[in-house]
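>>> My questions are about this predicted structure, shown below with the sequence.
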Amino acid sequence: MGGAGSSAKYGPDSTKLVVDTLKKLPFMQMMDDRLLQDLAVCFQVAKYAKGAAIKNDAASVFFVVVAEGSVDIATLLNTPNSKQLVSELLCQRKAGDYVSYVARDQLVAQMMCDDSDDAPRTAKEARKKLAALLELNRTTADPFVGCTLLKLNFEKFSKLRARMTVHAAGMKNTARFSGGRKGKGGMGAMTAPEKLHLMGSIVESEVVNYLVEIPFLEKVEMTRLVMLANMCSYLYVRRGESICVEGEIGDRFFVCIKGTLQATLQVSLNAAQPTFTAMNSGTASERRTSIVALQEQVDGAFNDKKIQALKRMGAGSYFGEISLVFKIPRVCSITALDDALLVYVDRTAFCSFLKVAPDAAVVLLEHVRLNFLDTLIKQGCAFLNAIPPLKLQELSYMSEIVDYEFDTMIMRRGDQQTCFYILVRGVVEIDYGSTSTIVEAETDGAEDEANDCSNELVLVHPGGYFGQEALLLNSGSQVNVRCLDHCLALKLMPENFHEFFSTLPELFAEFYCVTRLRHHEVSLFEYIEDFKWQADISEDRIHERALVIYLKFLADTAPTPVNMSPGVLAVLEDELSSDGVGRDVFAAVREEIL
């Protein structure tokens, strides 16, 4: 350990300091008092001055526990506009936390096992690369108060493990935890050798071996993972205790080290919630009351719930990665089936870590997008179930996950920059604006038409989509879209929307059918057919009836507008301006609709 000039051994009274500090460590809660006393002998106390560098012997494993003060873990980063390196504080380890570094030879071996293209192929290359990376890491005592550390003497610890290991004749000798005796939970029944073996895996930084198996961290440099391991904290939970509760906001990502966990979810005994819900029209106050009533109705319909067991998790399992990115409620509950030991990192520390491993953020977001899509498919989302698995993965690659707070306007009527959205969490309200019934020109129904005008509202739930109409019509947004909750959505840019869904003709056809119906093209087509084939219409009223249809669907001020090409509209308007209008005046319009 470096900083010899600033370190000093404590006297015999240091045993109490060591024991009291060790009791603060979560993984020490499984140790009895006698074992704690034995372990205390394996630690030596060292004190560091303000801002002193804490260095480790690169040839051996390094493990210290913070007893007093704090330790700053930092790294050197390039500044954006120059090659100058600046120090970036990643986290601060306080009393009861630990700092651990893997032996350099172990890191070299792990780097050589990496199968990436830029991985070193020889031990010499690996050592050179490792030395350059380690130079960027900084571990220092608190700049204001310094720190007191407990350094583990590995020679003494190894002797203690050897002394505790009992060789039974005719039986395979192992110190690995095999589950313990049932009754009081797993870890409560562990033997002393099993407890020491577990502690050995902790002090030898085997947490790194768990981190490297996590998909969104597997491409991160090993030295960076060692840094992340030192930013983690341990959590010891007893049998039956909850780690996460469904519906609560979380900010921690967990990895199970020992024990068995159960993931559960509350599911409704009734039918699945619809993806789209049409609202009753009316005044703004009536609509708001209707929305509240609908939400209460939905909540009431889904109050009859049962607990569904999703899966069991053991050592190496991880959960809570979504909370590293978004501040949303947990989607399920996690409970310990026996005494368990976990390691976790919170959102703040992980965001600091991403400064030195930015590529991990890209992979994590991809992982989160696939996770949301998979969850919606399992919940029976018909739209996503119609997309083949390989195309779903492509959709995840092409999309961006976006986060919106309550009452945010995602889209406003008339917006020219529009995108396609798939809602993965929350509820949004789509306001289609004013609609009205068809009113014949020969009736005096102006007041009735005004009374029939209302705003058409639709609620969109997870698995629903919106924004496709403006992209298909190549026009501005026809709707207002507002969040009624904290919402997450997958966002596809216009070019990606056309590229992706053009390879799925069934879904593209559905989009077109809905858009055509929404924009009154079907209604216009029916009016044209009636106009063309009505036998009782007199010649002198053909012109008048044609104008009614034009004003209703095709004029600039049409209440139910249908988009037509400028050339077709110009020909139609010229004919309507002439004296003679035939029954085939809408032939070009009809052909374009078809």
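Here it is on my side, so go on.

>>> who's in contact with the longest helix along the chain?
If each helix of the chain is counted by residues according to DSSP state H, the longest one is helix 359-378. By CB atoms under 8 Å, 6 or more residues apart in numbering, the list of residues contacting helix 359-378 from outside reads 215-217, 219-220, 321-322, 324-326, 331, 353-354, 384-385, 392-393, 395-397, 399, 401, 424-425, 462-463, 488, 490. From N, CA and C alone the C-beta is placed, and that goes for glycine too.

>>> could you point out which element follows that helix?
Following helix 359-378 in sequence order, the next helix or strand is helix 382-385 (DSSP states H and E).

>>> what packs against that following helix?
helix 359-378 (3 or more CB pairs under 8 Å, 6 or more residues apart in numbering; DSSP states H and E).

>>> Tell me how far the helix it packs on lies from the chain's centre.
Put simply, helix 359-378 sits 6 Å off its chain's centre (CA atoms, centre = their mean, to the nearest Å).

>>> buried residues in it?
Buried residues in helix 359-378, counted by 16 or more other CB atoms under 10 Å: 360-361, 363-364, 366-370, 372-373, 375-377.

>>> Quick one: buried ones out of the contacts of helix 359-378?
By 16+ other CB under 10 Å, the contacts of helix 359-378 give 216-217, 220, 321-322, 324-325, 331, 353, 384, 392, 395-396, 399, 401, 424-425, 462-463, 488, 490 as buried.

>>> Among these, which lie within strands?
Judged by DSSP state E, those include Ile401, Val424, Arg425, Leu488, Leu490 as members of strands.

>>> Quick check: the closest residue to the second one other than its chain neighbours vs Ser396, distance?
The reference is to Val424. Spatially, and ignoring its direct neighbours in sequence, Val424 is nearest to Phe372 (4.2 Å; CB to CB, 6 or more residues apart in numbering). From Phe372 over to Ser396 the distance is 9 Å, taken as CB to CB, to the nearest Å.

>>> Find residues that contact each of these two.
Leu490.

>>> coming back round to it: tabulate the ones in strands among the buried ones among the contacts of helix 359-378 (JSON lines), appending distance to Thr277 and pLDDT.
JSON lines is the format used below for those (distance: CB to CB, whole Å; pLDDT from 0 to 100):
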{"residue": "Ile401", "distance to Thr277": "24", "pLDDT": "93"}
{"residue": "Val424", "distance to Thr277": "17", "pLDDT": "92"}
{"residue": "Arg425", "distance to Thr277": "16", "pLDDT": "91"}
{"residue": "Leu488", "distance to Thr277": "19", "pLDDT": "94"}
{"residue": "Leu490", "distance to Thr277": "20", "pLDDT": "95"}
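
>>> Closest to Glu510 out of these?
Leu490 (17.9 Å; CB to CB).

>>> helices and strands around whatever helix or strand Ser201 lives in, which ones?
Per DSSP H and E: Ser201 is located in helix 192-203. Packed against helix 192-203, as judged by 3+ CB pairs under 8 Å, 6+ apart, are the following elements: helix 33-40, helix 154-164, strand 252-258.

>>> And the next helix or strand past that helix?
helix 207-211.

>>> after that next one comes which helix or strand?
helix 222-231.

>>> Check what pLDDT Glu510 gets.
pLDDT recorded at Glu510 is 80.

>>> State the helix or strand in which it lies.
helix 505-518.

>>> for that helix, packing partners?
Using 3+ CB pairs under 8 Å, 6+ apart, helix 505-518 sits against helix 468-473, helix 494-501.

>>> can we see that at 6 Å?
With contacts defined as 3 or more CB pairs under 6 Å, 6 or more residues apart in numbering; DSSP states H and E, helix 505-518 has these neighbours: helix 468-473.

>>> ok, residues contacting the helix it packs on?
Outside helix 468-473, the residues within contact range by CB atoms under 6 Å, 6 or more residues apart in numbering are Thr418, Phe420, Ser477, Gln478, Pro494, Phe497, Phe511, Thr515, Asn563.

>>> of the residues you listed, the lowest pLDDT goes to which?
Where pLDDT dips furthest among the contacts of helix 468-473: Thr515, at 72.

>>> Give me the below-cutoff pLDDT ranges for the stretch 301-450 of the chain.
301-306, 434-450 (pLDDT under 70).

>>> in it, which spans are helices?
For the stretch 301-450 of the chain, applying DSSP state H, counting those that start in this stretch gives helices covering 347-353, 359-378, 382-385, 389-398, 446-452.

>>> so what's Leu507 scoring on pLDDT?
86.

>>> any idea how far it lies from Leu459?
22 Å.

>>> higher neighbour count, these two?
Leu459 (21 against 18; other CB atoms under 10 Å).

>>> what's the burial count for Ile430?
Other residues within reach of Ile430, judged by other CB under 10 Å, total 21.

>>> next SSE after the worst-scoring helix or strand of the chain on mean pLDDT?
Between all helices and strands in the chain, the lowest mean by mean pLDDT, DSSP states H and E belongs to helix 446-452, at a mean of 39. On the C-terminal side of helix 446-452, the nearest following helix or strand under DSSP H and E is strand 454-460.

>>> Show me what the helix or strand following that next one is packed against.
Using DSSP H and E, the helix or strand that follows strand 454-460 in sequence is strand 465-466. Contacting strand 465-466 under the criterion 3+ CB pairs under 6 Å, 6+ apart is no other helix or strand.

>>> for the record, mean pLDDT for strand 465-466?
For strand 465-466, the per-residue pLDDT averages 93.

>>> coming back round to it: distance to Val255 for the ones in strands among the buried ones among the contacts of helix 359-378 - can I get that in TSV?
As requested, these are exported to TSV (distance: CB to CB, whole Å):
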residue	distance to Val255
Ile401	23
Val424	25
Arg425	24
Leu488	24
Leu490	27
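
>>> follow-up on the earlier one: give me the residues contacting the helix holding Glu510.
So helix 505-518 is contacted by Gln468, Glu469, Leu472, Phe501 (CB under 6 Å, 6+ apart).

>>> Please work out which residues outside the helix or strand just after it touch it.
Scanning forward in sequence from helix 505-518, with DSSP H and E defining helices and strands, the next element found is helix 521-533. Here helix 521-533 makes contact (CB under 6 Å, 6+ apart) with Arg545, Ile549, Phe553, Val562, Arg583, Phe586, Arg590, Ile593.

>>> Counting neighbours, show which residues of whichever strand or helix holds the first one come out buried.
For Arg545, the host element (DSSP H and E) is helix 539-553. In terms of neighbour count (16+ other CB under 10 Å), helix 539-553 has its buried residues at Ile542, His543, Arg545, Ala546, Val548, Ile549, Tyr550, Lys552, Phe553.

>>> Equivalent analysis for stretch 339-354, please.
Buried, per 16+ other CB under 10 Å, within stretch 339-354: 339-347, 349-350, 352-353.
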